[in-house]
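Student: Sequence below, structure please.
(2 chains)
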Amino acid sequence: MKNIVIIGNSAAGVAAIEGIRSRDRESKITVISDEAYLAYCRCLISNYLSGTVAEKDLTYRDAKFYKDNNVELLLEKKVERVDSKKKRIILEDKSQISYDSLIIATGSSPKIPKELKGVTKRGVFGFRTIKDTKEIITIASISHTSCVLGGGLIGLKAAYGLNKRKLDVKVIVKSGRILSQIADKTASELFLNCFQKNGIEVMLNTDISEIIGNGDLRAVKLDSGKAIGCSLVIVGKGVAPNIKLISETDIKTDKGILVDESMRTSVNDIYAAGDVAETFDLTADKYENNALWPCAVEQGRIAGLNIAGENIKYTGSLGMNSVDFFGLPLVSMGAFDTELEAASSLDREKNLYKKLVLKGSRLIGALLVGDIRNSGLYLRLIKEKADISKIKDDLLDANLSYAKIAELIKKKEEKIYL
Amino acid sequence: MKKLYYDVSKCLACKSCEIACATGKSASKDLFKAVGEEIKPRSCVIVKTTQGKNFPIACRHCKTHPCVDACIAKALTYDENKKRVIHDKDRCIGCWMCVMVCPYGAIRDNKKLKIPIRCDLCADVDEPRCIKACPVGAIMYLEEEEYDKILADKKSSKKSL
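Tutor: Residues are numbered from 1 along each chain as shown, chains lettered A, B, ... in the order given. Predicted coordinates:
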C-alpha cells in the first residue's frame, strides 16, 4: 500500500487514477487541482463558448468516479513547490502532503505576452479553462466586437465560438498564415478561405502594439497604427507547460518535464504525464512537448500502471490533430510540413486536399482536408514505422483499406478475417 | 462476447451487407423509403477489394479501443461487460478524433449528422443485420473461441490436402 499523489485533474490525471486502480485498489490516492471543477472536457470549452454544449455536459468524470475509485480530491488548491528530498509537496496555503509516488500532470497555461502594453486590462483572456470561458461569455453577451490574437488552433476555436455567438470577430495573426501547427501552407489557405467566407476576418502579417483602455479594454492598436474598437480580446498564442512547481528539484526539463518510456522523470518516484511532459516523438526522432488530449490519456494511464507495479513502455508520442471548422474537417499527423518527398492531391474548388510525406520507405506524416477517411490507417503505418514501399502508389487511393496494409503491420491485436 | 468475423474466401463484394446496414440505420428501416430520406443513411460496414479478394470492415470494438482514449467529449466509453465501445450520440461533437485514431480505418465521418459512422452491432435488434443479409454466409457472429476453432480447423484441413 502506497501513498500516491497526483497533481492535476484533467486527461492525464484521470487516466493515471484509472491506471492505478485497474491494478491496485488499496493505495491511497490524493488528487490536487487548482480549478474549482471536477474533471471536464477541456477541449470542449469552445463548444461551450459557442453555446452548442451546456456546462453540465462538459463533465468528464463525475463525483461518483472519485468516490468509486476511493480518491481524495482537493479542488482549488495550488501546489507551490515539490520537495523531492523530503518527498512532499507544499501548497500555496503552506499545508504539506507527503507522497511515496508522485505524478505531475499539471498541464499547460496560455502564453500571455507580458511585454504587450495593456495586456492586464479587464477583458483580455487566455482560453483554457471553464473559468476563462464563463468570464468570456459574460463579456461577450454585452460586446459587439472581439479580437483574437493568434491564428493557431486555440485562437481559431475561440473565434469560431464567438462567431457562433454572433459577435463580430477579427483574428490578428503575426505570421503570414493560420494553423501553422496543424496545417501546411496549402491547407492553411483552404481554411483561411473558409473562415473569411463565414464572416470571420483574419488579418495576416499584423501584430498589435498596445491594448488601449482605462481599466476595461476599449480597443487594440495595430502595428500599422490603426486601432480596432473592441471590448473582448482572447490571446491564443500557444501554451507553456506548468513546470514552476519543480524549479527547486533536480527534475530535468527542456520545454516540459523530460520523461523516459516508463513516464518517469529523472528523480526517483516522480512521474510526469500530459501537456507538462516532454516525450520522445516518433516522427521527429527527438523529445517534443506534444500537448494533446489523446497523448495525455495514454501517458497518464501508463504512469499510473507503472506506479501500480506494471512495467509498461510508452511507444512515444506523435503530434496529431483533428478539427472541423464550418463543416470542413482536417486531420494532420507527424511531419506533414517538410520538404521531403510527398504524394499529394488537391482540388481547391471542392476543398479536398491530401498529402502523405515519405522518408525513404517510411510514411512519416499525413495531412487530410475535406476527406479524412482512412486517417487512422496512416497513423498506424506511421506509428509502426512500416515499410510502405510495396503500397506506395496506392497510398492516396480512397479505396485504401486495412486489408491492404495488414501485411505491413506487425502488431495485430484484433482477429478479423478467415 | 460475440464479434463479427468475415470469411474472405466466400465474400463476393455484393454489398448486401452494406445495404442491410444502411437500411437498419435509416429512420424508416425500410429500403425503399430509406432511399428517399432527406439525410441518406450510411452503412457502417464497407467492403473493399484488394488483390482480387474482398474484405468487409466495420468497427472491431477493439480490446485496446484507442478511439475511447482519443474522445475529447467523453462520447465514447468501453463497456467491460459487453466488450463493446458505446457511442453516446448526444455528447458527440463531431471532432473526428476517433476517425483519426481508428487502427482499422473502420470509423468514418458523417458530415451531415456531424457524428461518426460506427458499427454498434445493431444494438436495437438481436443480432447484426449484415449477417442475415449475406447471401453466401461470409459474415459470422461468433465468440472469439469459436472463431479460433474454425480458423484452426481450416488450417488443418488445408494441411491434410
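Student: Could you list the contact residues of the stretch 101-250 of chain A toward chain B?
Tutor: Contact residues, the stretch 101-250 of chain A versus chain B (Cβ under 8 Å from any Cβ of the partner chain): none. Using the backbone N, CA and C atoms, a C-beta is placed for each residue, glycine as well.
Student: Sketch out the low-pLDDT regions of the stretch 101-250 of chain A for me.
Tutor: Along the stretch 101-250 of chain A, the model assigns pLDDT under 70 to no residue.
Student: same for the longest helix along chain B, what does it pack against?
Tutor: Criterion DSSP state H: the longest helix present in chain B is helix B:144-160. Packing partners of helix B:144-160 (3 or more Cβ pairs under 8 Å, 6 or more residues apart in numbering or on different chains; DSSP states H and E): strand B:3-6, strand B:139-142.
Student: Buried residues of that helix, list them for me.
Tutor: residue B:147 (16 or more other Cβ atoms under 10 Å in any protein chain shown).
Student: What of stretch B:106-120?
Tutor: Of the residues in stretch B:106-120, those buried (16+ other Cβ under 10 Å) are B:106-111, B:114-120.
Student: Compute the first-to-last residue distance for that stretch.
Tutor: Its start and end residues considered, stretch B:106-120 measures 12 Å (Cα to Cα, to the nearest Å).
Student: Identify the residue nearest the geometric centre of the chain.
Tutor: Defaulting to chain A. residue A:292 (3.4 Å; Cα atoms, centre = their mean).
Student: try again with chain B
Tutor: So for chain B, Cα atoms, centre = their mean, it's residue B:58, sitting 2.8 Å from the centre.
Student: What residues does it make contact with?
Tutor: For residue B:58, the contact set (Cβ atoms under 8 Å, 6 or more residues apart in numbering or on different chains) comprises B:4, B:21, B:44, B:45, B:46, B:106, B:119, B:130.
Student: and those residues as a markdown table, adding secondary structure, distance to residue B:31 and pLDDT?
Tutor: Formatted as a markdown table, those follow (DSSP: H, G, I helix; E, B strand; the rest coil; distance: Cβ to Cβ, whole Å; pLDDT from 0 to 100):
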| residue | secondary structure | distance to residue B:31 | pLDDT |
| --- | --- | --- | --- |
| B:4 | strand | 21 | 97 |
| B:21 | helix | 11 | 97 |
| B:44 | coil | 16 | 97 |
| B:45 | coil | 16 | 97 |
| B:46 | strand | 18 | 96 |
| B:106 | coil | 23 | 97 |
| B:119 | coil | 19 | 98 |
| B:130 | helix | 14 | 97 |
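Student: neighbour-wise, which of those residues leads?
Tutor: Ranked by neighbour count (other Cβ atoms under 10 Å in any protein chain shown), those have residue B:106 at the top, with 29 neighbours.
Student: Look up the residues forming beta bridges with the nearest residue to residue B:2 once chain neighbours are set aside.
Tutor: Spatially, and ignoring its direct neighbours in sequence, residue B:2 is nearest to residue B:141 (5.1 Å; Cβ to Cβ, 6 or more residues apart in numbering or on different chains). Judged by DSSP bridges, the bridge partners of residue B:141 are residue B:4.
Student: next one: phi and psi at the residue nearest to the centre of chain B?
Tutor: Phi and psi for residue B:58, reported as degrees, to the nearest 10, are phi -150, psi 170.
Student: Let me know the distance separating it from residue B:46.
Tutor: 7 Å (Cβ to Cβ, to the nearest Å).
Student: Residues that sit against both of those two, list them.
Tutor: residue B:106.
Student: On the three-state scheme, the residue of the stretch 101-250 of chain A found nearest chain B is what?
Tutor: Going by Cβ to the nearest Cβ, chain B is nearest to residue A:157 of the stretch 101-250 of chain A, at 10.5 Å. Look at residue A:157: counting by DSSP: H, G, I helix; E, B strand; the rest coil, its state is helix.
Student: Starting from residue A:164, give me the distance back to it.
Tutor: 11 Å.
Student: Lowest pLDDT pick from the buried residues of stretch B:106-120?
Tutor: Least confident of the buried residues of stretch B:106-120 in the model: residue B:111, at 92.
Student: Name the residues that touch the helix or strand residue A:330 falls within?
Tutor: Assigned by DSSP states H and E, residue A:330 falls within strand A:328-334. With Cβ under 8 Å, 6+ apart as the test, strand A:328-334 has contacts from A:179, A:182-183, A:187, A:190-191, A:194, A:282-283, A:318-324, A:351, A:357, A:363-370, A:372, A:375, A:378-379, A:382, B:96, B:99-100, B:109, B:111.
Student: filter those residues to the buried ones?
Tutor: Going by neighbour count (16+ other Cβ under 10 Å), the contacts of strand A:328-334 have A:179, A:182-183, A:187, A:190-191, A:194, A:282-283, A:318-324, A:351, A:357, A:363-370, A:372, A:375, A:378-379, A:382, B:96, B:99-100, B:109, B:111 buried.
Student: Take those residues and keep only those in helices.
Tutor: Reading helices off these with DSSP H, I get A:187, A:190, A:191, A:194, A:375, A:378, A:379, A:382, B:99, B:100.
Student: what's the farthest-apart pair in the residues you listed?
Tutor: A:194 and A:382 (26.4 Å; Cβ to Cβ).
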